[in-house]
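Undergrad: Structure for this input, please:
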Amino acid sequence: MKQHRWAILFVMAALLILAKGPVKADVLDKSMKIGGTTVHYKVVLPKNYDASKAYPGVLGFGGGPQTTSVVDNVIARNFRDEAEKCGYIVVVPIETRPSGN
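TA: You can find the predicted model right below:
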């Protein structure tokens, strides 16, 4: 009876893992202070990214302003799939404006 319960739990766990679908490229929100200015950007890492390996990199831009919504859309439409397919790291800057401008 105990073995039966463990088998059911194992099958349920496997189904949950499979239901999530294939592993997607990670998209990270980052910022860095450069010369007194904080630069915000998103980084798309290829699936199964290994920090000890070297990867080709791409600096990406969407059309129009580099607002967060534009950057998110261009990553979703273009760069995320390509990063997965080609194994590239993609960096896309985000335009930020100080309050009141």
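Undergrad: Quick one: the helices in this structure, in order.
TA: 2-19, 68-74, 80-86 (DSSP state H).
Undergrad: List of residues touching the last one?
TA: This means helix 80-86. 24, 25, 27, 44, 45, 46, 47, 56, 88, 89, 90 (C-beta atoms under 8 Å, 6 or more residues apart in numbering). The C-beta positions use only the backbone N, C-alpha and C, and glycine is treated the same way.
Undergrad: rerun at 7 Å
TA: 24, 25, 27, 44, 46, 47, 88, 90 (C-beta atoms under 7 Å, 6 or more residues apart in numbering).
Undergrad: cool, the second one as well?
TA: For helix 68-74, contacts defined as C-beta under 7 Å, 6+ apart pick out 42, 60, 62, 64, 92, 94.
Undergrad: Flag whichever of those scores worst on pLDDT.
TA: Among the contacts of helix 68-74, residue 62 carries the lowest pLDDT, at 79.
Undergrad: Report the separation between that residue and residue 79.
TA: 9 Å (C-beta to C-beta, to the nearest Å).
Undergrad: Neighbour count: the two, which is higher?
TA: residue 79 (22 against 19; other C-beta atoms under 10 Å).
Undergrad: so the more buried one makes contact with residue 88?
TA: No: in this structure, residue 79 is not within contact of residue 88 by C-beta atoms under 7 Å, at 8.4 Å.
Undergrad: show me the contacts for the most centrally placed residue in the chain.
TA: Centroid check for the chain by C-alpha atoms, centre = their mean gives residue 27 as the closest residue, at 1.4 Å. For residue 27, the contact set (C-beta under 7 Å, 6+ apart) comprises 42, 44, 75, 80.
Undergrad: mind running it again at 6 Å?
TA: By C-beta atoms under 6 Å, 6 or more residues apart in numbering, the residues touching residue 27 are 42, 44, 75.
Undergrad: Tell me how many other residues surround the last one.
TA: Spelled out, that is residue 75. Neighbours around residue 75, by other C-beta under 10 Å: 22.
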